[in-house]
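Novice: Structure for this input, please:
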Amino acid sequence: MEFSQIVALLWKGSLESIYMIIVSTVCSYIVGIPLGVLLFITDKNGICRCRPVNLILGIIVNLTRSIPFIILLIAILPFTRALLGTTIGTTATIVPLVAAAIPFIARMVESSLKEVDPGVIEAAQAMGSSPMQIIVKVLLPEARPSLIVGCTIRSEEHTSELQSQSTIS
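Specialist: Here you go, the predicted structure:
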């Protein structure tokens, strides 16, 4: 194999990895952020307490987080095939990456929201803010620094998952 062929293969692999990282990260955050907010607001100290919803979501998130990535990859092959029509390729790899990342992001978002001072939430409630206004105008802006740090850490973990998955396939 010539040097130019090796460089071409490395370039192609790098572009595919970047594609998988960007798409899977965006998709994971699109689902993970609302799930994390839902976990926080339905908690016993949340603004919309609902123990059954919190319990069910918590169990699903915890179970999914505990499944090793390679097992999750194989377990959702039928779902990937139904969704995309294939289980091979860079696009098909995105589905298990997203499924693996969502519960971690949800817990990270929930943890970030728990760092918000309860007095700020009480003040918003006292001023008559709706739960949606509290989420959008108080919780998420107040938790932004923690969310950004969590996003950076999760992206690094997500990249290492992708690298280990690429080694397998």
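Novice: Could you pull out the helices in this protein for me?
Specialist: 3-41, 51-66, 69-75, 77-84, 90-114, 118-126, 131-134, 140-168 (DSSP state H).
Novice: which stretches of the chain have low pLDDT?
Specialist: Within the chain, the ranges that satisfy pLDDT under 70 run 154-169.
Novice: try 90
Specialist: Within the chain, the stretches with pLDDT under 90 are 1, 21, 45-46, 69-70, 73, 87, 89, 145-169.
Novice: ok so, going back, let me have the helices of the chain in TSV, extended by mean neighbour count.
Specialist: Using the backbone N, CA and C atoms, a C-beta is placed for each residue, glycine as well. Output for the helices of the chain, formatted as TSV (neighbours: other C-beta atoms under 10 Å):
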stretch	mean neighbour count
helix 3-41	16
helix 51-66	13
helix 69-75	14
helix 77-84	13
helix 90-114	22
helix 118-126	13
helix 131-134	15
helix 140-168	15
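Novice: Ile121 versus Leu139, what's the distance?
Specialist: Leu139 is 7 Å from Ile121, where distance means C-beta to C-beta, to the nearest Å.
Novice: And for Ala8?
Specialist: Separation of Ala8 from Ile121 (C-beta to C-beta) stands at 55 Å.
Novice: same check, this time on Val136
Specialist: 13 Å.
Novice: ditto for Ala106
Specialist: According to C-beta to C-beta, Ala106 and Ile121 sit 20 Å apart.
Novice: what do you get for Val61?
Specialist: Going from Val61 to Ile121 by C-beta to C-beta gives 22 Å.
Novice: do the same with Glu110
Specialist: Distance from Glu110 to Ile121, counting by C-beta to C-beta: 14 Å.
Novice: Same check on Tyr19?
Specialist: Distance, Tyr19 to Ile121, using C-beta to C-beta: 39 Å.
Novice: ok, for Val95, nearest residue in space, not its chain neighbours?
Specialist: Closest residue to Val95 apart from its sequence neighbours, by C-beta to C-beta, 6 or more residues apart in numbering: Thr80 at 4.4 Å.
Novice: And Val37, by the same measure?
Specialist: Per C-beta to C-beta, 6+ apart, closest to Val37 is Ile135, 5.9 Å.
Novice: Pretty sure that neighbour sits against Leu38.
Specialist: No - counting by C-beta atoms under 8 Å, Ile135 stays clear of Leu38, with 9.8 Å between them.
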